[in-house]
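Chemist: Okay, sequence plus prediction incoming.
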Amino acid sequence: MSFSFPEAPQGLAPGRPRLGAELRRSVICLGIVAVTLAVVLFALLRAPMKDDLAWLLWVAGQWLRGQELYIDLVEVNPPLIIWLSAIPVMLADLTGLTSKQVALPMIAAAALGSAWTVAGLLRGTSPVFAHRPATFAAIASVLLVMPGVEFGQREHLMVIAVLPHLALLIRTLEGQKASLGMSLGAGVLAGLGVALKPRYVLCLGAIELAGWLHRGFRIRLAPLVAGIAGLLYLASIVWFVPAFIERAVPLALTLYGGTDTGPLQLARESWVLLLGLATCLVLTWRTDRGGAASGVMLVLTAFAAAATVAMFMDGKNWFYHRIPALMAVTFALVFWCADVALRRGPRLRFRMALLALAMIPLTLYVQQTSVRIYERLVLAVEPDQTTEVRLERLIRREKVRSYMAFSEWIGLGFPVVNNTNVTWASRFDSMWALRGEIWRARQDGGVAPDEWPIRHWVVQDFMEGCPDLVVVDRRGEAMNYPAILSQANAGFAAIWARYRQIAVVDGLQVYRRQGEGCGDSAGLG
C-alpha cells in the first residue's frame with residue numbers, strides 16, 4: 001500500500017524524460033527500503049536477540065543434536081516453528097556464523113520477498129498500486145519496522161506468509177486472473193503461515209467471507225490449497241511428532257492459563273489497536289461499494305478484525321500477539337489515505353474529515369513504532385549496558401559450565417545460553433510452567449495436577465544439571481521459586497543451601513555453588 005507519486009508535468013514529451021522520472025522514483029523507493037533494512041538489521045544484530053527467538057533457535061539446535069521435542073525439551077508451540085528454526089541453525093553450522101547472524105537476515109529476506117510479490121499482485125487493482133516499487137517500499141517498511149524487538153515472532157512470520165494470499169484475493173475481487181503457480185504458492189504459504197498460530201485460521205475464513213459479501217459466493221483455488229497444506233501439516237505432526245499432541249497440548253491447556261490477562265485489561269492495553277480497527281470499520285462502511293478501494297478495505301479490515309478476536313482468545317497481553325491486527329490496520333489506513341489523496345470530485349470537505357480520522361491512529365502507530373525502534377538502536381549502540389550482556393560477562397569471568405535462572409523472564413536464559421555455550425540445566429525455558437502449576441493448584445483448591453509434576457521435574461533437572469551459577473529474579477512481585485521448591489522437596493533444600501550469593505546484576509540475585517557436585521537424587525520424592 002503506498003502513496004502515489006505525482007505524474008510528470010504535462011509539458012514534458014513522452015519517452016526518455018518520463019523513463020528518467022520513473023527510474024528516479026524507483027531508485028528513491030528502493031533506497032528507502034535499503035536504508036530501512038540497514039537500520040533494522042543493525043539494531044537487531046547488535047542488540048541482544050529477542051528471548052523467544054533465541055530459545056527457539058537453541059531448541060532447534062538441541063533437536064538437531066538428537067534430543068526429542070516435547071520430551072527432552074518442554075515446548076508448547078507446534079513443531080513447524082522448530083523445523084523452520086532448524087534451517088538457520090544448520091546454515092550457521094556450515095558457514096561458521098551464529099544462528100542469530102543467519103536467522104535475522106533470512107527473516108528480513110522473506111519479508112522483502114513477500115512485499116515484492118504482493119506489490120506485483122496488487123498492481124492494476126487500484127491507482128494506489130500503479131507504481132510497484134512504491135507499493136513494495138510501503139509494505140516492506142511496515143513488515144521490517146513495526147515488529148521492533150519482536151521481529152521474527154510467529155505472528156510476524158504468519159503475516160509475511162499470508163500477505164500474498166490476501167493480495168491474490170484482492171486481485172480476484174477486481175476480476176483479474178492469477179496464474180496457477182501463484183494460486184498454489186500463495187495457498188501453501190497461507191496454510192503454513194496460519195499453522196504457526198492455528199487460531200489465525202479465523203483470518204483466512206474472515207477474508208473469504210468478506211470476498212463473498214463483496215462479489216458473491218465463489219470457490220477459489222488458493223484457500224482450498226491452504227486447507228490441504230494445513231491438513232498435511234497436521235498429519236505430519238500425528239505421524240512424526242505425536243508427543244506434541246500427547247504432551248504439549250495437554251500441558252498448555254492445564255498450565256498456560258497462569259499467564260492469562262483478563263479481557264478488560266487486555267482491551268485497555270490494546271486501546272490503540274482497537275481505535276485503529278474501529279476507524280477501519282468506519283472507513284470501510286463509508287467507502288463506495290463496488291470500487292477497488294472497497295475491496296481492499298474490506299479484506300484488510302476483515303483480516304484485522306479476525307486477528308483481534310484471535311488475540312483476545314489467546315488472552316495474553318504480549319505485544320507481539322497484536323502484530324497481525326496492527327499490520328493489517330496499518331496497511332488499510334495507509335491505503336485509504338493514499339486513495340483519498342488521488343481522488344478528485346465533490347465532497348472534498350467530507351473526505352478531508354475522514355482523512356483526519358484515519359491519521360489519528362496512524363500517527364499513534366508511527367509514534368509507538370518509532371519508540372520501539374529507538375529503544376533497540378540505543379541497545380545496539382551500547383549493548384554492554386543490557387542485563388543479558390552483563391550476565392554473559394559474569395558467566396565467562398566465573399568460568400561457568402552450567403547455568404539456570406529462577407525467573408519467568410526467558411531472557412535470563414536465552415540468549416545468554418546461546419552466546420556463552422554453557423549448559424542450560426533445565427528442560428524449561430523459564431519458570432512459566434512452575435508458575436502455571438501454582439496457579440492451577442489455586443484454581444483446584446490447592447491440589448497440583450498429578451499428571452504434570454512440575455516441581456518434581458524442576459528439582460530433578462536442577463539436581464542432575466547441578467548448575468554452577470543460578471540467577472534468582474526477586475524483583476517486584478516475582479515469586480521466590482527457590483523457597484517454594486525448598487518447602488516442597490528436602491533434597492532441593494539441602495542442595496540449595498550450598499549456594500551463596502556472589503553478585504547482584506540489575507536487581508537480579510546471582511548465586512554460585514560452593515563445592516563440587518550436587519550429590520544423588522535421593523531427596524526427589
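Modeler: Ah, there it is.

Chemist: Please, where are all the helices along the stretch 301-450 of the chain?
Modeler: For the stretch 301-450 of the chain, helices defined by DSSP state H, counting those that start in this stretch occupy the ranges 323-342, 348-381, 387-397, 416-420, 432-443.

Chemist: Select, out of these, the one closest to Leu45.
Modeler: helix 348-381 (7.7 Å; C-beta to C-beta). Yep, even glycine has a C-beta here, placed from its N, CA and C like the rest.

Chemist: circling back: single out the most deeply packed of the helices of the stretch 301-450 of the chain.
Modeler: Counting by mean count of other C-beta atoms under 10 Å, helix 323-342 has the highest mean neighbour count of these, with a mean of 24.

Chemist: how far does it sit from the chain's center?
Modeler: Here the centre of helix 323-342 is set off from its chain's centre by 20 Å, with C-alpha atoms, centre = their mean, to the nearest Å.

Chemist: Which elements pack onto that helix?
Modeler: Where contact means 3 or more C-beta pairs under 8 Å, 6 or more residues apart in numbering; DSSP states H and E, helix 323-342 is packed against helix 132-145, helix 154-173, helix 271-286, helix 292-314, helix 348-381.

Chemist: now it against helix 292-314, angle please.
Modeler: On the basis of axes from the mean of the first three to the mean of the last three C-alpha atoms, to 10 degrees, helix 323-342 is oriented at 160 degrees to helix 292-314.

Chemist: Redo the helices and strands packed on helix 323-342 as CSV? Include distance to Gly411 and mean pLDDT.
Modeler: What follows is the helices and strands packed on helix 323-342, written out as CSV (distance: least, C-beta to C-beta, whole Å; pLDDT from 0 to 100):
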stretch, distance to Gly411, mean pLDDT
helix 132-145, 22, 97
helix 154-173, 18, 96
helix 271-286, 24, 93
helix 292-314, 21, 93
helix 348-381, 12, 87
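
Chemist: Of all these, which one is nearest Glu477?
Modeler: helix 292-314 (22.8 Å).

Chemist: list the buried ones in that closest one?
Modeler: Buried residues in helix 292-314, counted by 16 or more other C-beta atoms under 10 Å: 292-311, 314.

Chemist: How about stretch 443-453?
Modeler: Using 16+ other C-beta under 10 Å as the test for burial, stretch 443-453 gives 448-449, 452.

Chemist: chain center to it, what's the gap?
Modeler: 31 Å.

Chemist: which ones are touching the closest residue to Leu53 other than its chain neighbours?
Modeler: In space, and not counting its chain neighbours, Leu53 is closest to Gly152: 4.9 Å by C-beta to C-beta, 6 or more residues apart in numbering. Applying C-beta atoms under 8 Å, 6 or more residues apart in numbering to Gly152 gives the contacts 50, 53, 103-104, 107.

Chemist: and Gly152, how far is that from Lys100?
Modeler: 10 Å (C-beta to C-beta, to the nearest Å).

Chemist: doesn't Tyr499 make contact with Val470?
Modeler: Yes - applying C-beta atoms under 8 Å as the test, Val470 and Tyr499 come out as touching, 6.2 Å apart.

Chemist: Compare those two and say which is more crowded by neighbours.
Modeler: Neighbours per residue, other C-beta atoms under 10 Å: of Val470 and Tyr499, the larger number sits with Val470, 21 against 18.

Chemist: Quick check: the more buried one is in a helix.
Modeler: No - counting by DSSP: H, G, I helix; E, B strand; the rest coil, Val470 is not found in a helix; it is strand.

Chemist: Among the buried residues of stretch 443-453, which one sits closest to Glu464?
Modeler: Distances from Glu464 to the buried residues of stretch 443-453, taken as C-beta to C-beta, are shortest for Trp452 (18.8 Å).

Chemist: Determine the three-state secondary structure at the closest one.
Modeler: Going by three-state DSSP: Trp452 is coil.

Chemist: List phi and psi for it.
Modeler: phi -130, psi 80 (degrees, to the nearest 10).

Chemist: isn't it right up against Glu437?
Modeler: Yes - shown here, Trp452 and Glu437 form a contact pair, counting by C-beta under 8 Å, at 6.5 Å.

Chemist: Grab the most central residue of the chain for me.
Modeler: Gln153 (2.3 Å; C-alpha atoms, centre = their mean).

Chemist: what about it, distance to Trp318?
Modeler: 9 Å.

Chemist: same check, this time on Leu94
Modeler: Counting by C-beta to C-beta, the gap from Leu94 to Trp318 is 33 Å.

Chemist: Between these two, which is the more surrounded one?
Modeler: Set side by side, Leu94 and Trp318 show more neighbours around Trp318, with 16 against 9, by other C-beta under 10 Å.

Chemist: that older thread, quick one, which of the helices and strands packed on helix 323-342 gets closest to Leu57.
Modeler: Among the helices and strands packed on helix 323-342, the nearest to Leu57 by C-beta to C-beta is helix 154-173 (13.4 Å).

Chemist: The closest one to helix 292-314, inter-axis angle?
Modeler: Calculated by the same axes, to 10 degrees, helix 154-173 forms an angle of 150 degrees with helix 292-314.

Chemist: quick revisit: distance to Asn480 for the helices and strands packed on helix 323-342 - can I get that in a markdown table?
Modeler: Output for those, formatted as a markdown table (distance: least, C-beta to C-beta, whole Å):
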| stretch | distance to Asn480 |
| --- | --- |
| helix 132-145 | 40 |
| helix 154-173 | 32 |
| helix 271-286 | 34 |
| helix 292-314 | 28 |
| helix 348-381 | 29 |
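
Chemist: and of the ones you listed, who's closest to Tyr233?
Modeler: Nearest of the helices and strands packed on helix 323-342 (C-beta to C-beta): helix 154-173, 12.5 Å.
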